[in-house]
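sequence? don't have it. structure:
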């Protein structure tokens, strides 16, 4: 019989670390906190706190080491601990040890939060409702307070959470997309992909897995199907395209408007994309995935349709800020990689584009053709503007180095014409801001400070 775990080391005492500590204390287990930076714990959390770099020798004396998502999984101390067979995991491992109810798990490079929020909105109409947590904001272990077992749970899961869990087995799992991102937190793109695919490793008979329709995922789908997993695909198709029958959900181009569709009660349900207030085909695709999940869990097609046609999107995700100085202004600060920005630019015929920030060595080349087609003028922000300037030169797009958002907004407001202005940086924010939300707020404040009305 294995030794019972009673003494835990928690690495990283941010929101997740605090949630872990409270969860363990409620269970009568001992725990101590570790953080590389000087942090202050809440007054009600009375545990020992160690500040400084992580030491293998000290951590190896604990029954288990639990690592918050913000800590590098390849931290040398953690690598050595795993080599010494010390149990090392994340909060996702504890969640699946302690929750046996229906679980929907959503991952992908982009679109996780929007899809998770839509699933929550749709399934909250079911008896018992649904709880949402994980990367979306509420630490997942907070959903299990006071031995509460929710009727069902939807989790937004990042690669950082997935890579440090071996026991997860969601009933319904979807990979929305995969682009090279987070190379600063994973050694290689292959490691990043492996972390995402861990979501499906334990699935079996009776579970559902959904993947994009492109051939990249064919082998993964085949392998899961052979294990008895119900596999679904989503994507784009034309009305008369024979391959449309292979798709459970997605966006279909008809002779009129494109339509969002999903399968329910052996029928294809549709909503015209022209009826959807949220802008962007990529957002409509997230809605399609959420609609299929909701249909599979028994939500009525009327509720699904009403949610889709009322949902205006989340903050900082192609959010319409308003009209001022003769322009419509859109905040897509959450677009921290080129693929997210490509999706945003494709939502406009022409736009003034504010781009730049912390690039994280991502390849900007795919942006050039899209910028050439959709951008009338670009303003570059951030500390290192040269890579964006080179890309825009190649794209033959007029551009100006603004340096910061306030200057970019001011310059954009003075342009002739009425093209909408889009903040979609294709970069992280930490060179000038705490996070993408702070960057988006700075954008809104700069627009608000412009003289004149709409």
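Yes, it's here. Note that the coordinates shown come from a computational prediction; the quantities given were computed from them, not determined experimentally.

Give the buried residues for stretch 280-290.
Residues of stretch 280-290 classed as buried: 280, 282-290 (neighbour count, 16 or more other C-beta atoms under 10 Å). (Glycine included, C-beta is placed from N, CA and C.)

Quick check: of the residues you listed, which lies closest to residue 399?
residue 280 (23.0 Å; C-beta to C-beta).

Excluding chain neighbours, what is closest to that closest one?
In space, and not counting its chain neighbours, residue 280 is closest to residue 347: 4.2 Å by C-beta to C-beta, 6 or more residues apart in numbering.

my read: that neighbour touches residue 279, true?
Yes: counting by C-beta atoms under 8 Å, residue 347 touches residue 279, with 5.4 Å between them.

Residue 97 and residue 141: what is the separation?
Note on residue 97: its distance to residue 141, by C-beta to C-beta, to the nearest Å, is 10 Å.

More neighbours: these two, which one.
Between residue 97 and residue 141, counted using other C-beta atoms under 10 Å, the more crowded position is residue 141 (22 against 11).

did I read that right, the more buried one in a helix?
Yes: the assignment for residue 141 is a helix, going by DSSP: H, G, I helix; E, B strand; the rest coil.

Spatially nearest residue to it, not counting backbone neighbours?
residue 23 (4.2 Å).

Is the one you found in a helix, a strand, or coil?
Going by three-state DSSP: residue 23 is helix.

so how far is residue 147 from it?
The span separating residue 23 from residue 147 equals 11 Å under the rule C-beta to C-beta.

who's in contact with residue 168?
When contacts are counted by C-beta atoms under 8 Å, 6 or more residues apart in numbering, residue 168 touches 92-93, 95-96, 105, 162, 198-199, 202.

returning to that earlier point: and the residue nearest to residue 141, how many neighbours?
Neighbours around residue 23, by other C-beta under 10 Å: 22.

mind listing what it touches?
Neighbours of residue 23 in contact, by C-beta under 8 Å, 6+ apart: 94, 141-142, 144.

and if you look at residue 442?
Shown in contact with residue 442 (C-beta under 8 Å, 6+ apart): 405-406, 433.

If you rank those residues by neighbours, which is first?
Counting by other C-beta under 10 Å, top hit in the contacts of residue 442: residue 405 with 28 neighbours.

Helix, strand, or coil at the closest residue to it other than its chain neighbours?
Among residues not flanking residue 405 along the chain, residue 442 sits closest, at 4.9 Å (C-beta to C-beta, 6+ apart). Applying three-state DSSP to residue 442 yields a three-state assignment of helix.

how near is residue 442 to residue 12?
Taken as C-beta to C-beta, the span from residue 442 to residue 12 is 27 Å.

same thing with residue 432?
Relative to residue 12, and taking C-beta to C-beta, residue 432 is found at 24 Å.

Residue 370 now?
Counting by C-beta to C-beta, the gap from residue 370 to residue 12 is 37 Å.

Please work out which residues outside stretch 6-18 touch it.
So stretch 6-18 is contacted by 20-21, 24, 29-35, 39, 41-42, 45, 49, 54, 59, 62-71, 78, 91, 139 (C-beta under 8 Å, 6+ apart).

Equivalent analysis for stretch 299-316, please.
113-114, 117-118, 121-123, 125-126, 260, 262, 264-265, 269, 271, 275-279, 283, 287, 291, 294-295, 319, 331-334, 436-437, 440.

Span of that stretch from start to end?
Taking C-alpha to C-alpha, to the nearest Å, stretch 299-316 runs 28 Å from one end to the other.

Just name the shakiest helix or strand of the chain by mean pLDDT.
Lowest on mean pLDDT, DSSP states H and E among the helices and strands of the chain sits helix 189-197, with a mean of 87.
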